[in-house]
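Visitor: Give me the fold of what follows.
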Amino acid sequence: MKGNRPSPAQPDLGPALRLHQAGKVLEARAHYQKLRAAFPRHPDVLHLLGVTYFQTGESAAAIPILEAALAARPGDAEIGCNLGNALQKLGRHAEAAEAYRKAPGYAAAFSNLSISLNALRRHEEALAACEEALRLKPAHVEALNNLGGTLLELDRPEEALAACERALALRPDYVEALSNLGAALKELDRPEEAVGVCRRAVELRPAYAEAHNNLGAALKELRRPEEAAAAYRRALALQPGFSGAEWNLALANLCLGNFREGWPGYERRWERKEMVARAGSGLPLWLGSPELGGGKKTLLIEFEQGFGDAIQMIRYVPLLEARGIACVIEVPSALRDLFQRSFPQARVVPLGRIPGGIDYRVPVMSLPLALGMVAEGAIPRDVPYLTADPARIAAWRDRLGGDDRRSFGLAWRGNRKHIHDRHRSATLDDCLPLLERRELRWLIFQKELTAPERERLRDYPHAVILDAELESFDETAAAMRLTEGMVTIDSAPAHLAGALGLPTLLLLPFHAEWRWLLERDDSPWYPSARLFRQAAAGDWTELVRRVNAAI
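Guide: As a prediction, the model looks like this:
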């Protein structure tokens, strides 16, 4: 009837909407384009036209149209949300976040805002966005899943598990929530369950790369790296350039001793949230090209990650010097004297104090790749390559006094901030069967002893606490030289003992770090080390029993 017809000042969206709702996106777009010619600034025409471009994967084309729609109707929550979606699809997360914030009171916008904030590593803000989405709409299933993913980023897996379970209660076959649930189960040391959940996700959506990546991570925890690597490769086939899967595949390859593929992939570590750019990053990066031999070049070896990493890889300095490369080694003060004595031709400088005249830089963990050492047989195995201070050794001999008993060193805990510390560190109680060997003298190399640990050690007078006296690795190396060997978990003392050529009885968790390879009791990195692996996850008792028998 005449009164129901669109006004000449208003577009007739009906035919285009019917096509759009029927899934005929391109035909709908043609109608919207005709309407745009007649109504070039109409927000609904612009909005729906922009949505068609987004739906066909043409986000770059959608963005200016959606921006025009929002300019024509400022504050429209749905338009703001769809503009954010298009920007997010192109990885323009800061702009996406700004667009989502222009959609107040719209739960979907806050839910999607959390995705962009997580991509920007602003995880606390992402958590607040999820909470606001759920305040607006408590049963918003996507927001519940995004809450789970955000809590995983914040290392709160128990809460992440609960959020994913709430999402799955509302939508049992929600693939993204199943994948996040698997990740949470893995973080909670429930890898068998994680594998089952992730397999369900990939059954429901075989082309979902994130679920394959999470499946691989769970398989890795079960010490099944070949299967894990296959899952990562599937993820990369589905999503080329997926940095998380490339990183995980690199670790799997290194664990399997496949250094030729592992070392190049290990360069993806710089995309990890736990990595921090070093002060020398303004210098050109050297990863083997150009060839630095011949002309005299100066190379900065950058410290990264932990003390143990630096100790392990500094072995390559003599190979660099043999090529005529002058080395400047950047390290924390705790390593400075030890490294300077061990590599007298190099210049050792404090962190962040980079001198002039440097041609290139190389992160210390990139040295095997840069030098082309991509086979196990190429690892320099000559030990010791670190040299303890004779004067300090003599001082420690006086400090410890005469004792006819055999001496061993002991360390059971690493840096609590390490991402895998809850797996790699034991407790003093776990190691007490060793201290019951009262015919031995035990030098306690454990740093930052707690008050209960100190009190417990009073029952073992043959255990000598060093702790505060170990002011540097130079002191620690000198004291270690007075032992027959070290019993230690996978932490810096293990690397130091190995680099000194001391017998090292290394206590490893069920799923050990990549550098200790798989199912071996020896190490290509440290010929004097003997590896003891947990037979079951978390079982230090049986492992310590084997170590005790080996001493």
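
Visitor: Quick check: which element contains residue 19?
Guide: Per DSSP states H and E: residue 19 is located in helix 14-21.

Visitor: can you pull the buried residues of that helix?
Guide: Buried residues in helix 14-21, counted by 16 or more other C-beta atoms under 10 Å: 16, 19-20. C-beta here means a position set from N, CA and C on the backbone, and glycine is covered the same way.

Visitor: For the helix or strand just after that helix, what is the distance to the chain centroid?
Guide: Going down the chain from helix 14-21, the next helix or strand is helix 25-38, by DSSP H and E. Here helix 25-38 is found 47 Å from its chain centre; the criterion is C-alpha atoms, centre = their mean, to the nearest Å.

Visitor: May I see the buried residues of the helix or strand just after helix 25-38?
Guide: Following helix 25-38 in sequence order, the next helix or strand is helix 43-55 (DSSP H and E). Using 16+ other C-beta under 10 Å as the test for burial, helix 43-55 gives 43-55.

Visitor: Those into CSV, with extra columns for distance to residue 179 and pLDDT?
Guide: Shown next, in CSV, are the buried residues of helix 43-55 (distance: C-beta to C-beta, whole Å; pLDDT from 0 to 100):
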residue, distance to residue 179, pLDDT
43, 37, 91
44, 36, 92
45, 38, 91
46, 35, 92
47, 32, 93
48, 32, 94
49, 33, 93
50, 30, 90
51, 27, 93
52, 29, 93
53, 28, 91
54, 24, 92
55, 24, 93
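
Visitor: Nearest to residue 90 among those residues?
Guide: residue 54 (10.4 Å; C-beta to C-beta).

Visitor: can you list the weak-confidence ranges in the stretch 1-150 of the chain?
Guide: By pLDDT under 70, the weakly predicted segments of the stretch 1-150 of the chain are 1-8.

Visitor: how about 80 then?
Guide: 1-9 (pLDDT under 80).

Visitor: any chance you could map the strands in it?
Guide: Using DSSP state E, counting those that start in this stretch, no strands are found in the stretch 1-150 of the chain.

Visitor: and residue 479, that's in a helix?
Guide: Yes. The assignment for residue 479 is a helix, going by DSSP: H, G, I helix; E, B strand; the rest coil.

Visitor: residues touching it, list them.
Guide: Applying C-beta atoms under 8 Å, 6 or more residues apart in numbering to residue 479 gives the contacts 396, 400, 409, 443, 445, 466, 469-470.

Visitor: Need these in a markdown table (columns: pLDDT).
Guide: Conversion of those to a markdown table gives the following (pLDDT from 0 to 100):
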| residue | pLDDT |
| --- | --- |
| 396 | 95 |
| 400 | 90 |
| 409 | 97 |
| 443 | 97 |
| 445 | 97 |
| 466 | 95 |
| 469 | 91 |
| 470 | 93 |
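
Visitor: okay if I get those as a markdown table plus distance to residue 485 and neighbour count?
Guide: Below are these laid out as a markdown table (distance: C-beta to C-beta, whole Å; neighbours: other C-beta atoms under 10 Å):
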| residue | distance to residue 485 | neighbour count |
| --- | --- | --- |
| 396 | 16 | 22 |
| 400 | 16 | 15 |
| 409 | 7 | 27 |
| 443 | 11 | 20 |
| 445 | 12 | 26 |
| 466 | 16 | 20 |
| 469 | 20 | 12 |
| 470 | 17 | 20 |
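
Visitor: Need the residues that contact the helix holding residue 19.
Guide: 27-28, 31-32, 35, 48, 52.

Visitor: Show me just the buried residues among the residues you listed.
Guide: Here, 16+ other C-beta under 10 Å leaves 28, 31-32, 35, 48, 52 buried among the contacts of helix 14-21.

Visitor: From those residues, pick the one nearest residue 253.
Guide: Nearest to residue 253 out of these is residue 52 (C-beta to C-beta; 43.2 Å).

Visitor: quick one: that closest one and residue 21, what's the gap?
Guide: 12 Å (C-beta to C-beta, to the nearest Å).

Visitor: ditto for residue 239
Guide: In terms of C-beta to C-beta, residue 239 sits 30 Å off from residue 21.

Visitor: before we move on, back to that, which two of the buried residues of helix 43-55 have the greatest separation?
Guide: Largest pairwise distance in the buried residues of helix 43-55, by C-beta to C-beta, is 18.3 Å, between 43 and 55.

Visitor: hang on, the earlier thing: would you turn the buried ones among the contacts of helix 14-21 into a markdown table with distance to residue 307?
Guide: Formatted as a markdown table, these follow (distance: C-beta to C-beta, whole Å):
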| residue | distance to residue 307 |
| --- | --- |
| 28 | 61 |
| 31 | 66 |
| 32 | 62 |
| 35 | 66 |
| 48 | 59 |
| 52 | 56 |
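
Visitor: Could you work out the most separated pair of those?
Guide: Maximum pairwise distance in the buried ones among the contacts of helix 14-21, criterion C-beta to C-beta, is 12.1 Å, between 35 and 52.

Visitor: wait, residue 256 sits on residue 229?
Guide: Yes. Between residue 256 and residue 229 there is a contact at 7.2 Å, judged by C-beta atoms under 8 Å.

Visitor: Figure out the helix or strand that residue 464 lives in.
Guide: Assigned by DSSP H and E, residue 464 belongs to strand 463-465.

Visitor: domain parsing for this structure?
Guide: Domain assignment for the chain, taken from automatic domain parsing, gives 1-101, 105-172, 279-378, 390-550.

Visitor: quick one, which of the ones you listed is nearest to residue 384?
Guide: Closest among the domains of the chain, using C-beta to C-beta: domain 390-550, at 3.9 Å.

Visitor: which regions of this structure lie under the pLDDT threshold?
Guide: For the chain (pLDDT under 80), the answer is 1-9, 272-281, 293-295, 402-403, 415-421.

Visitor: how about the strands of the stretch 451-551 of the chain, start to end?
Guide: Using DSSP E, counting those that start in this stretch, strands in the stretch 451-551 of the chain cover 463-465, 485-489, 504-508, 529-533.

Visitor: For residue 338, which of those strands is the nearest?
Guide: Set against residue 338 and scored by C-beta to C-beta, the strands of the stretch 451-551 of the chain come closest in strand 485-489, at 15.9 Å.

Visitor: what helices or strands is the closest one leaning on?
Guide: strand 406-411, helix 492-499, strand 504-508 (3 or more C-beta pairs under 8 Å, 6 or more residues apart in numbering; DSSP states H and E).

Visitor: Pull up the pairing partners for the shortest one, direction included.
Guide: To tie it back to what came earlier, the one meant is strand 504-508. strand 485-489 (parallel), strand 529-533 (parallel) (DSSP bridges).

Visitor: Please export the alpha-carbon coordinates of it; CSV is fine.
Guide: Taking C-alpha atoms only, strand 504-508 is exported to CSV below (Å, rounded to 0.1, in the frame of the first residue of the first chain):
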residue,chain,number,x,y,z
THR,A,504,77.1,-34.1,36.3
LEU,A,505,74.2,-36.2,37.3
LEU,A,506,71.3,-34.3,35.8
LEU,A,507,67.8,-34.8,37.2
LEU,A,508,65.3,-34.3,34.4
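
Visitor: gap between it and the chain center?
Guide: 24 Å.

Visitor: Please renumber the chain so that the first residue is 190 from this point on.
Guide: All right, first residue 190 from here; so that's strand 693-697.
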